[in-house]
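Trainee: Sequence and predicted structure below; questions after.
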Amino acid sequence: MPDTSVSRLAALALALCLPAGAMAQDAGAYLAARIAAEEGDHALAAAWYTRATAADTANPALLEGTLIAHIAAGQFDEASAVAQTMGSLNLQSPTMYVALVDKLAKAGDWDGIIGLDTDLEAVGAVMQQLITGWAELGRGQADAAMTAFDKVAQSQGLQAFGLYHKALALAMVGDLEGAEAILADPDHPVAVTRRGTLARVQLLSQLDRKDEARELLAQSFAESDPVRRMLTTALDAGESLPWDIVRTPQEGMAEVFYTLASALSAEAGDTFTLVYARVATDLRPDHAEAQILVGDLLGGQGQTAMAIAAYGAVPDTDPLHEAANISEADALFTNGQDREAVDTLKALAAERPDALGVQVALADALRQTEDFVAALPQYDKALQMIGSPSKQYWPVLFSRGITNDRLGRKEEAEADMRAALDLMPDQPDVLNYLGYSLVEQHRKLDEALDMIERAVAAMPESGAIQDSLAWAFFKLGRFDEAVAPMETAVLLEPADPILTDHLGDIYWAVGRRDEARFQWRRALVFAPEAAEVERINLKLEKGLTQVLTDEGQTDFAATLTKAVHDDH
């Protein structure tokens, strides 16, 4: 959950920095709108912005904020009304243009789109030119449409945008050869995205070049990918894949907004990206990739209910239905709805018993909820489906290893971990987990230390891995060497009860008894598990050496006593 107090201060600071004309007459509503927007609650932000604009009807900043909030919340009728108000005031903005295009495209008013009076720069100009191309196609002006796409393709750094949309437009009007030639041209690799590749696969199928289509699928998608699986099955059956990437000018415009959202997702803020993705889904509700992007963005902003609605909009018949359901389960986990998340994945696994990704996701969910007894056979099933695993499947072996370890099946856990390392020899998480497990079992300590040192070299900023290194030194009796990595671990993870408890043990081992007790008390503040609370209290009462003796670890207790004696 966002820190509301921080959000309020940030919104207030921002408001104080705004020009006087940007501040609403209803300052309370304005600040509430800004806070809601910062926290990703777009529906609430829209409501507060609407209240603020009621008191200041011609404020450009308020109208823009209201418009963005309505689109982000999926409230397109309200967004259209705000955009029209802005137009009547002779205001201009990329968001206003987007809202008007959405309304006109759904009405099939291509002339209206061409006639929009806009003066956009940067990304806005690219968007406008691509929209113009599809609107010209809607008016039946194919030559004018291609000219618009060519204009974008001739702009520096924008060639891929223009050529991609030109290829889609050519395919829509029946020039399949011309479209495929653009997507296949090695000098202009515009089909590097997932949808670009799928477009070419469909075109090759339509051109009766099914072997090439099958080969492209095999080169571009993992064997377990549901899209590859579904399309390959159809091709093997001799079917021609339908052309459905873009079938109408309205769908072409949806593709524009999805293209821009995908391209800007790594650079623009989530809300800015969400606006484009939302318009893509409004213009084309069955656009699975856009719906999943909307869900991911909303989920990242803590808007679980709206994220789930977006994932749920992916049609059951779409091969990305699996990915959408898995993402829905992730959103439920994030929202603390663990049981609902598991139930979602169980239903999907029953529906798609041959889908490897679904079976792995269910196994991971069961492990995450600590239902290790149910998780183990689920991982077994997934690995049977995989057969002889390649590099990409090391996480499945690693996860089954963790499950075996939590069930006390130490030999099986070690075998899984070593199998994962055979596939990825330097994977730091596996090295750390196996190394730490061996240390805890007092086995193969030299090898365990080597594994953990390799993991630290790969991920020096991981508190957990620094802790493993310190604990390995501790178990080896190299107490002085354990201090530095343990202190580093606690600096990296200052509120972790296990790491803090370990620091206390290591301080005790080097004779720093008062500091040890201080760290054990700190560990109790961070709410460790009940068994650890009991053990820490015993250490505070008796000292670590006596606790180890009571537990039967007399040799190690003697090592501690000798180390402190030698130190003094």
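Mentor: Structure's in. What do you need? Residues are numbered from 1 along each chain as shown.
Trainee: isn't residue 313 right next to residue 281, touching?
Mentor: Yes. If you go by CB atoms under 8 Å, residue 313 and residue 281 touch, sitting 7.0 Å apart. From N, CA and C alone the C-beta is placed, and that goes for glycine too.
Trainee: Just after the host helix or strand of residue 394, pick out the following helix or strand.
Mentor: For residue 394, the enclosing helix or strand under DSSP states H and E is helix 394-406. Downstream of helix 394-406, the first helix or strand assigned by DSSP H and E is helix 410-423.
Trainee: In terms of packing, which of residue 313 and residue 281 has more residues around it?
Mentor: residue 281 (24 against 18; other CB atoms under 10 Å).
Trainee: In contact with that one, which residues are there?
Mentor: By CB atoms under 8 Å, 6 or more residues apart in numbering, the contact list for residue 281 reads 74, 254, 287, 290, 291, 294, 310, 313.
Trainee: Now do the shared contacts for residue 313 and residue 281.
Mentor: residue 291.
Trainee: Let me know the distance separating residue 168 from residue 192.
Mentor: 15 Å (CB to CB, to the nearest Å).
Trainee: Looking at these two, which is more packed in?
Mentor: residue 168 (28 against 11).
Trainee: what sits against residue 58?
Mentor: Counted by CB under 8 Å, 6+ apart, residue 58 has contacts residue 89.
Trainee: Let's see the pLDDT reported for it.
Mentor: At residue 58, the model reports a pLDDT of 89.
Trainee: just the one 10 residues further on next, same as before
Mentor: Confidence at residue 68, expressed as pLDDT, is 96.
Trainee: excluding its backbone neighbours, what's nearest it?
Mentor: Excluding the flanking residues, the one nearest residue 68 by CB to CB, 6 or more residues apart in numbering is residue 95, at 5.6 Å.
Trainee: gap between that neighbour and residue 297?
Mentor: 16 Å.
Trainee: Ok, residue 310 next?
Mentor: Taken as CB to CB, the span from residue 310 to residue 297 is 9 Å.
Trainee: picking that back up, make a PyMOL selection of the buried ones in the contacts of residue 281.
Mentor: A single PyMOL command selects the buried members of these (16 or more other CB atoms under 10 Å):
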select buried, resi 74+254+287+290+291+294+310+313
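Trainee: Which ones among the contacts of residue 281 map onto helices?
Mentor: 254, 290, 291, 294, 310 (DSSP state H).
Trainee: and these as a markdown table, adding distance to residue 197?
Mentor: A markdown table is the format used below for these (distance: CB to CB, whole Å):
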| residue | distance to residue 197 |
| --- | --- |
| 254 | 19 |
| 290 | 17 |
| 291 | 19 |
| 294 | 22 |
| 310 | 24 |
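Trainee: Quick one: residues contacting residue 367.
Mentor: Taking CB under 8 Å, 6+ apart, one finds 375, 399, 402, 403 in contact with residue 367.
Trainee: got it, and residue 362?
Mentor: So residue 362 contacts 342, 345, 346, 348, 349, 378 (CB under 8 Å, 6+ apart).
Trainee: And these, which two are furthest apart?
Mentor: Within the contacts of residue 362, two members stand farthest from each other by CB to CB: 348 and 378, at 12.8 Å.
Trainee: if we can go back for a sec, of the contacts of residue 362, just say which sits nearest to residue 161.
Mentor: Out of those, the member with the shortest distance to residue 161 (by CB to CB) is residue 348, at 35.1 Å.
Trainee: Next one: the closest one, what pLDDT does it get?
Mentor: At residue 348, pLDDT is 92.
Trainee: Leaving out sequence neighbours, find the closest residue to it.
Mentor: In space, residue 348 comes closest to residue 325 once its chain neighbours are excluded; the distance is 4.6 Å by CB to CB, 6+ apart.
Trainee: quick one: secondary structure of that neighbour?
Mentor: Put simply, residue 325 is helix when judged by DSSP: H, G, I helix; E, B strand; the rest coil.
Trainee: Quick check: pLDDT value at it.
Mentor: 92.
Trainee: Neighbours of it, how many?
Mentor: Other residues close to residue 325 by other CB under 10 Å number 23.
Trainee: how far away is residue 537 from residue 517?
Mentor: Distance from residue 537 to residue 517, by CB to CB: 11 Å.
Trainee: go on, residue 148?
Mentor: 74 Å.
Trainee: Going by how many neighbours each has, rank the two and give me the top one.
Mentor: Using other CB under 10 Å as the criterion, residue 148 and residue 517 rank with residue 148 on top: 25 against 17.
Trainee: domains of the protein?
Mentor: Domains of the chain are assigned by automatic domain parsing as 1-91, 495-568.
Trainee: Just list the residues touching residue 520, thanks.
Mentor: So residue 520 contacts 500, 501, 504, 536, 539, 540 (CB under 8 Å, 6+ apart).
Trainee: what about the first one, which helix or strand?
Mentor: Residue 500 belongs to helix 497-509 when assigned by DSSP H and E.
Trainee: chain center to that helix, what's the gap?
Mentor: 35 Å (CA atoms, centre = their mean, to the nearest Å).
Trainee: Over to stretch 441-460?
Mentor: The answer for stretch 441-460 is 30 Å, by CA atoms, centre = their mean.
Trainee: Over to stretch 487-498?
Mentor: Per CA atoms, centre = their mean, the centroid offset for stretch 487-498 relative to its chain is 26 Å.
Trainee: measure that stretch end to end?
Mentor: End-to-end distance for stretch 487-498, by CA to CA, to the nearest Å: 13 Å.
Trainee: Could you pull out the buried residues of that stretch?
Mentor: Those buried within stretch 487-498 under the rule 16+ other CB under 10 Å are 488, 489, 490, 492, 493, 496, 497, 498.
Trainee: can you check stretch 344-361 too?
Mentor: Buried, per 16+ other CB under 10 Å, within stretch 344-361: 344-346, 348-349, 352, 355-361.
Trainee: Check stretch 318-336 too.
Mentor: So for stretch 318-336, counting by 16+ other CB under 10 Å, buried means 318-333, 335.
Trainee: which stretches of the stretch 1-150 of the chain form helices?
Mentor: Using DSSP state H, counting those that start in this stretch, the helices assigned to the stretch 1-150 of the chain run over residues 4-17, 27-38, 42-54, 60-72, 76-88, 94-106, 110-114, 123-138, 142-153.
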